[in-house]
Every structure is written in structure tokens, then in C-alpha cells.
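Student: take this sequence and fold it.
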Amino acid sequence: MEFINRTHAGRLLAKHLDEYANRSDVIVLALPRGGVPVAYEVAHALNAPLDVFLVRKLGVPGHEELAMGAIATGGVRVMNKYVVQSLGISDRLINEVAAKEQRELERRERLYRGSEKPLDLAGRIVIVVDDGLATGSTMTAAIDAVKRMKPSEIVVAAPVASHEACAFFNALVDSTCVCFMSPEPFEAVGRWYRDFPQTNDAEVCYLLKHSKQRTRKHAA
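Tutor: Next comes the predicted model:
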């Protein structure tokens, strides 16, 4: 099976999360940029507020598709020790890549959020959504950061995920992994989408704006 696009994937994923619908203690967090169109559909279906949570992959220089770690909002850095050690990556190189990605993370934070404060996650059920989970390095950084904000429960959600990623997140304390499908062999996230273009900043801003308008209209 292939998803038509991220919108289609989000609508299917939402059906696996219907137990969280119409609850005042649920917040949906999207990992930009690809996770935002998916999370938008999830938040809409569950009648829950949507926010973004910034995470940046730390790619191996020269092989950027290979993650050696990730950083997240709140100063969190998670490293893949196996990749770092097997490739002999120095601390200096890690810090250079992390500094570059930190600048991009801060740029997106300003662009997507503006002057608005992040939603308060304390005591809430937080559903963290991405468009797919391969190694799960970026999601791991996000979860580590979200835990510091003391939610009552964390749900990791993605339309498609590898068996390894699902097992890892289900094994974490206070974490549940929900995905629409977990194919084998997994290959790559984009393999399971018919249309998988890069999500741009304009689309992210548009979806966040409309989600906030919908939430405010419902609250009124």
C-alpha cells in the first residue's frame, strides 16, 4: 500500500488515534516540516489544538542522509553513538554541524511561531506526529525534550514506521507508538508515499494559521 500524499496519510493515521478525540487534555505536536500536513489532519479529526515542535537531524558531513544525531527545542541533543564511533566523527565536527542546525532551528521557530508562546504541555496527553519513522533519531530528540515539560502521556504517531522504531518507542517509559503500517522491508519513508515533495515553510505557516483559527472558533 502507498499513501497518496501526507494529507491522505494523516487522515488514515487519525483513525488509529480516535480514542483521543474530543478530549480537552490532548495536544498534537508536529515535527516540521514533513510532519505538519500529517499532524494537521490528525488534529482536525481529533478536535485538538496543533503546535509545532522543532527538531533538526544532524547529518554526517558528506552523507547528510545518514543521521549521527539530532537536536530539539530546549537545548536537547541526542547522538547515535554507533554511527559516531564507527565513522570516527570528532567532537569538533559534531559541534560544527550542531551549530549550523541550531541556527536553522531558531529561524524556523521565529517564522512558524512568531510572538506566540508554545502550548503548555504539563499534565497533557501529547501526540507527537511525523510523516514517518525510519531510525527515529529526530523523534527521539523530540521525546527527550517533551518529557522535560512533564506531560501526563506521550504518544508517538506516524503513518509508517520501521519495526525497529516502533519497538524502540513502545519500550520507552510513558510512551506509546501508533502507526498505520509497519512494512517489511521498510527501505525509506518516501517509499510509501506516491507523492512525497518537500514541505515548504509557506505550507507550514498556512496550516498552522488555519489550525489556530479553527481552534479559536471552536472555543468561542
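Student: the longest helix in this structure is where?
Tutor: When the chain is parsed with DSSP state H, its longest helix is helix 91-113.
Student: torsion angles phi and psi at residue 181?
Tutor: phi -150, psi 150 (degrees, to the nearest 10).
Student: and the residue nearest the centre of the chain, how far from residue 185?
Tutor: Among the residues of the chain, the one closest to the centroid is residue 31, at 3.0 Å (CA atoms, centre = their mean). Distance, residue 31 to residue 185, by CB to CB, to the nearest Å: 24 Å. Where C-beta positions appear, they are placed from N, C-alpha and C, glycine not excepted.
Student: helices along this structure, start to end?
Tutor: Shown for the chain, the helices assigned by DSSP H span residues 6-15, 35-46, 81-87, 91-113, 137-147, 163-171, 201-219.
Student: for the shortest one, what is the average pLDDT?
Tutor: I take that to be helix 81-87. Mean per-residue pLDDT for helix 81-87: 92.
Student: so which elements touch it?
Tutor: For helix 81-87, the packing partners by 3 or more CB pairs under 8 Å, 6 or more residues apart in numbering; DSSP states H and E come out as strand 63-72.
Student: the strand it packs on pairs with which strands?
Tutor: strand 55-60 (antiparallel), strand 76-79 (antiparallel) (DSSP bridges).
Student: mind listing what residue 193 touches?
Tutor: Going by CB atoms under 8 Å, 6 or more residues apart in numbering, residue 193 touches 2, 3, 4, 5, 6, 9, 131.
Student: out of those residues, which comes closest to residue 59?
Tutor: Of all the contacts of residue 193, residue 59 sits closest to residue 131, with 17.6 Å by CB to CB.
Student: spatially nearest residue to that closest one (excluding sequence neighbours)?
Tutor: Excluding the flanking residues, the one nearest residue 131 by CB to CB, 6 or more residues apart in numbering is residue 34, at 4.1 Å.
Student: was I right about that neighbour contacting residue 129?
Tutor: No - applying CB atoms under 8 Å, one finds residue 34 not in contact with residue 129, separated by 10.0 Å.
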